[in-house]
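Asker: here's a sequence, model it:
(3 chains)
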Amino acid sequence: MGIFKKRVNDFPTPYTCTRAIREGGLETKLSMLLMGFGNIVHGQRIKGLLYLALEVIYVVFMVVNGIGFLGMLPSLGSVPQEEVWDEAKQVYMYTKGDQSILILLYGVATVFVTVLMFLAWRGALRSAYKAECLAKEGRHVNNFVEDLKSLLHENLHRLLMTPPVFFIFAFTVLPLIFMICMAFTNYSKIDNHLMLFDWVGLDNFAALFDSSSILGSTFWSVLGWTLVWAFFATFSNYIFGMIISLMINRKGTRAKGFWRFCFVLSCAVPMFVSLLIMRTMLQPEGAINVLLRNLGLIASDASLPFFTDPTWARVTVIIINVWVGVPYTLLQLTGVLQNIPEELYEAAKVDGANAVQIFFKITLPYMLYVTTPYLITTFTGNVNNFNVIYLLSGGDPVTDLASTAGKTDLLVTWLYKLTIDKQYYNIGAVIGILTFVILAIGALITYRNSKSYKEEGGF
Amino acid sequence: MKKRAVAVLLAGVMTFGLAAAGLTGCGNDSAEGGTENVRLMVWSPQNDQSKDNGEWLQTMCNNFAEEHPEWNITFVYGVADEASAAGQVAQDPEASADVFMFANDTLTTMTDANALAKFGGKYREEIEATNTQEVLDSLIMDGDLYGVPFTTNTWFMYYDKSVFSEEDVKNLDTMLEKGGVSFPFVNSWYLPAFYIGNGCTLFGDGTDESAGVDFGGQNAVDVTNYLIDLEQNENFKIDDLGSGIAGLRDGSINAMFTGSWDANSIKEILGDNMGVTSLPTFTLNGEEHQMKAYAGSKAIGVNPNSKNMEAAIALAVYLGSAESQRAHYEMCGTIPCNTELLADESISSDPVVTAQNDTFNNTSILQPFVSKMNNCWTPVENLGKGIRNGSITHDNAQEQTEGMNEAMNSDGI
Amino acid sequence: MAGQKMHSAKRKRFINNSIVHVILAILAVIWVFPIVWVVLTSFRAEKGSYVSTFLPQSYTLDNYVKLFTDTTILNFPQMFLNTLLIAICSCILSTFYVLAVSYCLSRLRFKLRKPYMNMAMILGLFPGFMSMIAVYFILKAIGLTEGNLIKLALILVYSGGAALSFQIAKGFFDTIPIAVDEAALLDGCTRWQIFTKITLPLSKPIVIYTTLTAFMSPWLDFIFAKVICRANSDQYTIAIGLWKMLEKEYIDNWYTCFAAGAVLISIPIAALFLYMQRYYVDGLSGAVKG
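Answerer: Just a heads-up that it's a prediction; the model follows:
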């Protein structure tokens, strides 16, 4: 798709790693072994010492723990828990067995640290080379205070980006890599591989793509519904939110603030609370059915099958999602709607178009054009919309008794059932990866055709 | 390069944390005078620790500490109810309580996670001496005992004495002619009672994993057909998310099936008219069959990762002793299972205790806790839901019952 | 003729206006209705999660009183304070992260800018809670899963990923004319000064928008909170507490209190929301370029 075209380097620097190795002086070359040596030689003592300290920390860590962690990674541990009968105390004593999940996590973390260390090593080398070159040319070599000051100006991005990026790596990227690894193991309740598990290669993917298995057929049906849901959930909110916004903000409407207040009020109730309340309200004996019975609209012992009939359930979750989502859409789109150039409307009015025509011919195309990134985010958000489905219908109803997923289960809620309820962690991870792949392809194609992509000019 | 440098440094520090956590171990530093410093973490349901119930757990733990001057014990309390304790402990056994309470159906969840220690020797003898074999069986796997039982865990029937006579409550179908009955139809802890009543079996006698589940065949199909009719009976209401007790409150329901945890609420609603009894029979094809509940136990377990195994085991046994069970009953209403206590007049006269024990002894089967039992919950629940929403009818009952049976015997993969 | 035409146009407008107002009124009722129901339920005197009448038969304040006095089973005031503390801290951290990252991406040009933006997009596509067990073990490894440190752990978890959703704030910064920055640079300001003294004061709507969204997430999350708090009931957040009230053992006694709790936590959020509404709209309309 040409996404991975060779990136043009916008930030050329003469101080590259290869040149440092090839052309650097003795002190620079020594920096390869002793990080920061070059900096120390050229007067950047504190910087150099920091690099050196980093290297020492890393080496100590690797010797004490890191190598052990890495060494366990291929086998993921094999020592089971042992018990010994202690006759004197009359109790069983237990030895600690290996715990594959921790071995995997620590192993991945060690690899992670090593990669970061390698980047730091390159940084140190380049920094040493730069200091050497500057010194040779007789130019000024920054001292530590000047380095610190540069963080507030030309290197401001380093100051501002480092903490957030650090936390993203610690709490998002590292767990994610760990999760991806699980997809290639037999970490599951089946045959009791919860404590000790092994690498199994692509077996789990094969199981999922084997359409004759229950898992395989469930996957495709759940995927189908997930996409249908995401489509309707996204566009129903989008269009409905726009219509309400237009109605509130049109010239003739009075008490705009009041109307907005009515809709925005529901944002204030935490989403999981309003969803749980909706769920109880829509049960066969719930408030809605009671109300309908009291009003005489349905027989006194009848109830509408909101979550018990497959079609009803699917429609219900989409409608409830509108209830939950429209207030946000309203807030998010109002401003954008007001940005639509007035001339477009004027022209349409002159041509004699009515409100509906104007909406579909002008407002909608304009909005679609402008808000593509927003739509993509919403769409992916809906594919992964755990809360609405889990809290409302819980995936019900299930019509195929053999299947682990119900008719309203999304990939993400199904994944939750498989991992948390059934403890099939490996299968859950596979589904997570596939969800990602599907989303990524869809998002990339749409994104690359969008206006903002072309403007920003890069992905 | 600063940014990277800092990032790496932080990452290094973090990894040191990882390393440190791997190395730490709380040593038992011996204090002077021969007493040993011991730290015990104990998890129980909130109920057992609340001031309203006289802080049963804290009281018992302090008594225990007094009885054992050789240990200088520091207790740390946490909250985990019996049903969810297994999940919490299994998530990370190392950082979990030394002593905790669990429902016996979660036994394999914990043994699979190396999170449950065995009891042996004098402690096991002590436990065996004060419990019936049925209760012990619910905690024995491959001949090893995994917990100290403190109560039985099952469900039975509550009814309104002003509506049903003692004769009526012996048969479900008779009851349905006289008043509203609600049953947790879409809950797979309850629904199998009908199938088991008509001869369906789970894992042979409940412990033979290879025997598999037998919820198929004509006797199972008959039950499905019976359930379809039952669901359509005007006097029958499905109890889901608390609708049963609400119906009892407004009078639309006169009998419901639940366990001892609802006793107080129901007492409040029905007052002296509250009747409690073991399960009724149901009439299938002209014959009476006995409904049979799953019965299990709640027990006190010990974490194999405990640093103070001896103290932990001793505490568990103490918390399950007659003395503790009596206090548990008096403070929190937990029904005891200790044989001495059950013989005690003041306890056995409680109708709820009688009903629970009658159910346990006569109208129940031991709830299997083999690993594969995990596959048996969802299909039954889905069958109940299918009947409720009308997708399972007399026409496809055969096929759907077979589908359920198949699903109960498969991993769903 | 002309007068008649004008008259009919006026009539048409009147009819249109009426129709719009009627539709709006119906929709508003639909939207407000469940909230009214929650509020009514929170004052309901009858216990239980179901009742056979739609409106409560009698009203009481006991549910609110119970929330604050009956603390031995579910300590609502404690949970409220926990959540408030976590929300304030994580909101400060996340706001800083989001604004800092957005500013860098919008105004500064550096080598890792594009890779960062791509990474953020990719990470956004993975279902987040898949990794919660790993997050738990990472937190455990740095020793944050016991005692009061759990609060810190939750703060880190809630703010940790914040910098991935920079799009809206970046879009807003993009709309501030770059000439302002250039003028300041000529005057000898450092970029840090530009960020803190010029850009931020100009971006009040987006700062408020970011703060508001960040403030809300700890009140809503029950999945991560449960995995991280485990048995430490003194560290529970509101969301876990409300969730617990709906469990089998509690639902009958606590359902009306659940409604009361929901109303209580909605009040501060609602107040904030209504007050900040204008900024919310402004922030977003600036962000998505027209």
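Asker: all contacts plus neighbour counts: C-alpha atoms, from now on.
Answerer: Noted.
Asker: how near is residue C:39 to residue A:362?
Answerer: With distances taken as Cα to Cα, to the nearest Å, residue C:39 is found 41 Å from residue A:362.
Asker: one more: residue B:223?
Answerer: 61 Å.
Asker: more neighbours: which of the two?
Answerer: Using other Cα atoms under 10 Å in any protein chain shown, the more surrounded residue of residue B:223 and residue A:362 is residue B:223, with 23 against 15.
Asker: before we move on, which element is the residue nearest to residue C:122 when sequence neighbours are not counted in?
Answerer: Spatial nearest neighbour of residue C:122, excluding adjacent residues (Cα to Cα, 6 or more residues apart in numbering or on different chains): residue A:440 at 7.1 Å. Using DSSP states H and E, residue A:440 maps to helix A:425-448.
Asker: relative to the whole chain's centre, how far out is that helix?
Answerer: Mean C-alpha position of helix A:425-448 versus that of the full chain (Cα atoms, centre = their mean, to the nearest Å) differs by 10 Å.
Asker: and what of stretch B:57-75?
Answerer: Worked out by Cα atoms, centre = their mean, stretch B:57-75 lies 27 Å from the chain centre.
Asker: and the contacts of it?
Answerer: B:34-42, B:44, B:48-49, B:315, B:318-319, B:324 (Cα atoms under 8 Å, 6 or more residues apart in numbering or on different chains).
Asker: average pLDDT across the helix or strand harbouring residue B:326?
Answerer: Counting by DSSP H and E, the element that carries residue B:326 is helix B:322-332. Helix B:322-332 shows a mean pLDDT of 91.
Asker: now for that helix, which elements pack on it?
Answerer: Judged by 3 or more Cα pairs under 8 Å, 6 or more residues apart in numbering or on different chains; DSSP states H and E, the packing partners of helix B:322-332 are helix B:56-67, helix B:339-343.
Asker: residue contacts, the most centrally placed residue in chain B?
Answerer: Nearest residue to the geometric centre of chain B (Cα atoms, centre = their mean): residue B:103, 4.0 Å. Contact analysis of residue B:103 by Cα under 8 Å, 6+ apart lists B:82, B:83, B:153, B:296, B:297, B:298, B:299.
Asker: please name the nearest non-neighbouring residue to it.
Answerer: In space, and not counting its chain neighbours, residue B:103 is closest to residue B:298: 4.4 Å by Cα to Cα, 6+ apart.
Asker: tell me, how many neighbours does that neighbour end up with?
Answerer: Neighbourhood size, residue B:298 [other Cα under 10 Å]: 25.
Asker: please, which helix or strand holds it?
Answerer: strand B:293-302.
Asker: now that strand: mean pLDDT?
Answerer: pLDDT averaged over strand B:293-302 gives 92.
Asker: C-terminal to it, what's the next element?
Answerer: Downstream of strand B:293-302 (by DSSP H and E), the next one is helix B:309-319.
Asker: give me the helices and strands touching that following helix, please.
Answerer: Packed next to helix B:309-319, using 3+ Cα pairs under 8 Å, 6+ apart, are strand A:91-94, helix B:56-67, strand B:99-103, helix B:121-129, strand B:148-153, strand B:293-302.
Asker: can you say which of the ones you listed is nearest to residue B:345?
Answerer: Nearest of the helices and strands packed on helix B:309-319 to residue B:345, taken as Cα to Cα: strand B:148-153 at 17.7 Å.
Asker: what residues does the stretch 151-300 of chain B put near chain A?
Answerer: residue B:243 (Cα under 8 Å from any Cα of the partner chain).
Asker: ok, what's across the strand from the residue nearest to residue B:103?
Answerer: Using DSSP bridges, the bridge partners assigned to residue B:298 are residue B:103, residue B:151.
Asker: per-domain residue ranges of chain B.
Answerer: Taking automatic domain parsing as the reference, chain B has its domains at B:14-153+B:296-364, B:156-294+B:368-408.
Asker: least reliable of these by average pLDDT, please.
Answerer: Taking the mean pLDDT of the domains of chain B, domain B:14-153+B:296-364 comes last: a mean of 85.
Asker: let's test this: what are the backbone torsions at residue A:272?
Answerer: Dihedral angles of residue A:272 (phi, psi; degrees, to the nearest 10) stand at phi -70, psi -30.
Asker: that one and residue C:220 touch, don't they?
Answerer: Yes. Using Cα atoms under 8 Å, residue A:272 is in contact with residue C:220, at 6.6 Å.
Asker: tell me which of these two has more neighbours.
Answerer: residue A:272 (22 against 18).
Asker: how close does the more buried one sit to chain C?
Answerer: Going from residue A:272 to chain C by Cα to the nearest Cα, to the nearest Å gives 7 Å.
Asker: now for that residue: which residues touch it?
Answerer: Contacts of residue A:272 by Cα under 8 Å, 6+ apart are A:387, A:388, A:391, C:220.
Asker: repeat that with 7 Å
Answerer: A:387, C:220 (Cα atoms under 7 Å, 6 or more residues apart in numbering or on different chains).
Asker: how about the residues of the stretch 1-150 of chain C by chain B?
Answerer: Neighbours of chain B within the stretch 1-150 of chain C, by Cα under 7 Å from any Cα of the partner chain: C:48, C:49, C:50, C:51, C:72, C:73, C:141, C:142.
Asker: for residue C:135, give me its contacts.
Answerer: A:171, A:175.
Asker: phi first, then psi, for it.
Answerer: According to degrees, to the nearest 10, residue C:135 has phi -60, psi -40.
Asker: tally of neighbours for the closest residue to residue B:235 other than its chain neighbours?
Answerer: Counting by Cα to Cα, 6+ apart, residue B:180 is the residue found nearest to residue B:235 once chain neighbours are left out, at 4.6 Å. For residue B:180, the neighbour count with other Cα under 10 Å is 22.
Asker: quick check on residue B:78: phi, psi?
Answerer: According to degrees, to the nearest 10, residue B:78 has phi -140, psi 170.
Asker: likewise for residue C:22?
Answerer: According to degrees, to the nearest 10, the main-chain angles of residue C:22 amount to phi -70, psi -50.
Asker: tell me how far it lies from residue A:324.
Answerer: 22 Å.
Asker: mind listing what residue A:168 touches?
Answerer: Neighbouring residues of residue A:168 by Cα under 7 Å, 6+ apart: C:160, C:161.
Asker: pull the CA atoms of the strand holding residue B:298 into PDB?
Answerer: The C-alpha coordinates for strand B:293-302 follow below in PDB (Å, rounded to 0.1, in the frame of the first residue of the first chain):
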ATOM      1  CA  ALA B 293     -30.100 -28.900  43.900                       C
ATOM      2  CA  TYR B 294     -26.400 -28.500  43.500                       C
ATOM      3  CA  ALA B 295     -24.900 -28.600  47.000                       C
ATOM      4  CA  GLY B 296     -21.500 -27.500  48.000                       C
ATOM      5  CA  SER B 297     -19.800 -25.900  50.900                       C
ATOM      6  CA  LYS B 298     -17.900 -22.800  51.800                       C
ATOM      7  CA  ALA B 299     -14.600 -23.300  53.300                       C
ATOM      8  CA  ILE B 300     -11.500 -21.700  54.600                       C
ATOM      9  CA  GLY B 301      -8.500 -22.100  52.500                       C
ATOM     10  CA  VAL B 302      -4.800 -21.500  53.000                       C
END
